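Asks: task: produce atomic coordinates for the following.
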Amino acid sequence: PTFKMTCTCTHPDSSRLQGRPEIMTSWNRIFSSSTLPSIQISKEQVLVTCEDMAVVVCQEETSDGGIHEATNTFARSQGGIWYIIGHQAGPVEL
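Replies: Next comes the predicted model:
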């Protein structure tokens, strides 16, 4: 079957973004920041996987002391390429 992939992204403390142009603009703004902290990933876990979909969760710890839980959803295109179609991260209080 054919399907159209739509992507979403929710950064901590922001509203959901939808569509590649809006999401790429947000990531470009984040990565071009002069105050971008480094990010250490840990506790990666694959929750769901099937032939064309996967969901992965992890913890993101930033060099400025922030800790976030993230959920990333991936889909495989008809050409066999994996794409991230969903990203959501939120702060964790320890």
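Asks: residue 16 touches residue 8, doesn't it?
Replies: Yes: using Cβ atoms under 8 Å, residue 16 is in contact with residue 8, at 5.7 Å. Backbone N, C-alpha and C define where each C-beta goes, glycine included.
Asks: the protein: strands as residue ranges?
Replies: Using DSSP state E, the strands found in the chain span residues 8-10, 17-18, 39-49, 53-62, 67-76, 82-91.
Asks: so which bits of the fifth one are buried?
Replies: Across strand 67-76, burial judged by 16 or more other Cβ atoms under 10 Å covers 68, 70, 72, 73, 74, 75.
Asks: which one of the residues you listed sits closest to residue 86?
Replies: Distance to residue 86 across these (Cβ to Cβ) is lowest for residue 73, with 3.5 Å.
Asks: and the pLDDT at the closest one?
Replies: Per-residue pLDDT puts residue 73 at 95.
Asks: before we move on, what about residue 5?
Replies: For residue 5, pLDDT reads 72.
Asks: residue 62 bridge partners, please.
Replies: Note on residue 62: beta-bridge partners by DSSP bridges are residue 39.
Asks: that one touches residue 38, doesn't it?
Replies: Yes: between residue 62 and residue 38 a contact is recorded at 7.1 Å, counting by Cβ under 8 Å.
Asks: okay, now the unreliable bits of this structure?
Replies: Residues of the chain meeting the criterion pLDDT under 70: 1-4.
Asks: more crowded one of residue 62 and residue 38?
Replies: Shown here are residue 62 and residue 38; by other Cβ atoms under 10 Å, residue 62 has more neighbours (13 against 8).
Asks: next one: the more buried one from residue 76, what distance?
Replies: Residue 62 sits 30 Å away from residue 76, going by Cβ to Cβ, to the nearest Å.
Asks: count of neighbours near the spatially closest residue to residue 76 that is not a sequence neighbour?
Replies: Distances taken as Cβ to Cβ, 6 or more residues apart in numbering put residue 52 closest to residue 76, at 4.4 Å, once the chain neighbours are dropped. Neighbourhood size, residue 52 [other Cβ under 10 Å]: 13.
Asks: so residue 52 versus residue 44, what's the distance?
Replies: Taken as Cβ to Cβ, the span from residue 52 to residue 44 is 20 Å.
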